[in-house]
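Engineer: task: produce atomic coordinates for the following.
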Amino acid sequence: MGDRLVVRAHHGDGAQDALGDLVTRTSDAVTISTRRGPVEVRLVDVVAAKPVPPPPPALPARR
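Structural biologist: Numbers count the residues shown, from 1 in each chain. Presented below is the predicted three-dimensional model:
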């Protein structure tokens, strides 16, 4: 848990990506903590998944 990853899953007629930190994993789903909130993805819908590096640091405010 806590790994940062991107998961692509079937969603309707297309696909949806979830990018964030792995929060939970059960026998049939994972929950990813994204910037927009938690996203639960069923494992049967997963097309691809891979670890990703941490986000870059925030840029300093311009004056």
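Engineer: how about stretch 27-41: buried residues?
Structural biologist: 30, 31, 32, 33, 39, 41 (16 or more other Cβ atoms under 10 Å). C-beta here means a position set from N, CA and C on the backbone, and glycine is covered the same way.
Engineer: and it, how far out from the chain's middle?
Structural biologist: 6 Å (Cα atoms, centre = their mean, to the nearest Å).
Engineer: please apply the same query to stretch 12-22.
Structural biologist: Using Cα atoms, centre = their mean, the offset of stretch 12-22 from its chain centre is 6 Å.
Engineer: and the buried residues of stretch 27-41 as TSV, adding secondary structure?
Structural biologist: As requested, those are arranged in TSV below (DSSP: H, G, I helix; E, B strand; the rest coil):
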residue	secondary structure
30	strand
31	strand
32	strand
33	strand
39	strand
41	strand
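Engineer: which pair in these spans the largest distance?
Structural biologist: 33 and 41 (12.1 Å; Cβ to Cβ).
Engineer: so residue 56 belongs to a helix, correct?
Structural biologist: No. Assignment of residue 56 by three-state DSSP gives coil, placing it outside any helix.
Engineer: pLDDT score assigned to it?
Structural biologist: Reading off the confidence values, residue 56 has pLDDT 86.
Engineer: and for it, the neighbour number?
Structural biologist: 6 (other Cβ atoms under 10 Å).
Engineer: residue 5 now?
Structural biologist: Neighbours of residue 5 under the rule other Cβ under 10 Å: 15.
Engineer: give me phi/psi at it?
Structural biologist: With angles defined as degrees, to the nearest 10, residue 5 sits at phi -150, psi 170.
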